[in-house]
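Participant: after the sequence you'll find the predicted model.
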Amino acid sequence: MLFKPVTRDHSGTMPQSWQSLKDGDWLLEQEACRLSLWWPRFYGYYLVKLGPLAGAFDTSAARVQRHWQLGGAGQVLYAGPELPLQERSVDVLVLSHNLEYSSDPHQLMREAQRVLVDGGHLVLTGFNPLSLLNLCGFWKKTPPFDGRFYHPLRIKDWLALLGFEILSDERLLFGPSLSKSPQWLEAMGENYAHFLGAVYVLVARKRSLPAIASPALNRRKVRVVSPIAGPVTGRVARQGSSGAKG
């Protein structure tokens, strides 16, 4: 069984569509373009997109049998703070700007680690606070500036503590607004100021033996487990493998 019952929580003001953001359709196109090369590399039984923004990604190229969306009209209800998913049941979990609007981002990251199978993949996009976009819109209270931005290095630290291996870290949109930036500015940013990209796109893989979480991410006491010798296997499809999708 994939889903489990949860209690309801009404916190959060996450946009219900990309159209809620200025130039949101263009932003969706940019993020989707960066992820388009990753979908064919994923395979398994369940791919879950969390929230209405992640739900807009076209993941049909992923070799995963079932694609689900949590949250959004006509979709499976996502109530939080727990994900309504069984432990180690999801092969690919997609989060798009969820952390900015989460009342407990640490808990959300722990939940991602809980529901992913060993070797499963987490796809994560978000806004970078150290960017011209945030500098110019810091005082605004309209989406996306009504959310809380987390630096991608901080997100990568959380992922490392939870036992994830970072496979890809891309940045995009180096201008002061979400509107289309000049090509020369984007090229200069990618080559010389990668850390100033307004949007980060991370792909991470859950290791078979997760690292021990720090007290900041896990308040429960954990037991030290000796690592098992040998290589850690992933779930990126090998060349020549095949899988069904639905």
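Facilitator: Thanks, I have it.
Participant: how about the nearest residue to residue 118, chain neighbours excluded?
Facilitator: Once flanking residues are discounted, residue 118 sits nearest to residue 208: 4.3 Å by CB to CB, 6 or more residues apart in numbering. Just so you know, the C-beta spots here come from the backbone N, C-alpha and C atoms, and that holds for glycine as well.
Participant: number of nearby residues for the one you found?
Facilitator: Residue 208 has 16 neighbours, counted by other CB atoms under 10 Å.
Participant: likewise residue 40?
Facilitator: So residue 40, with other CB under 10 Å, has 12 neighbours.
Participant: wasn't it part of a helix?
Facilitator: Yes: judged by DSSP: H, G, I helix; E, B strand; the rest coil, residue 40 forms part of a helix.
Participant: isn't it up against residue 63?
Facilitator: Yes: under the criterion of CB atoms under 8 Å, residue 40 makes contact with residue 63 at 6.9 Å.
Participant: which stretch of helix or strand covers the residue nearest to residue 118?
Facilitator: Following DSSP states H and E, one finds residue 208 outside all helices and strands.
Participant: need the phi and psi values for the residue lying closest to residue 25 once chain neighbours are set aside.
Facilitator: Leaving out its chain neighbours, the residue that sits closest to residue 25 by CB to CB, 6+ apart is residue 18, at 5.9 Å. Backbone torsions of residue 18, given as degrees, to the nearest 10, read phi -70, psi -20.
Participant: and the gap between residue 18 and residue 41?
Facilitator: Plainly put, residue 18 is 24 Å away from residue 41 if you go by CB to CB, to the nearest Å.
Participant: any idea how far the residue nearest to residue 118 lies from residue 111?
Facilitator: In terms of CB to CB, residue 208 sits 19 Å off from residue 111.
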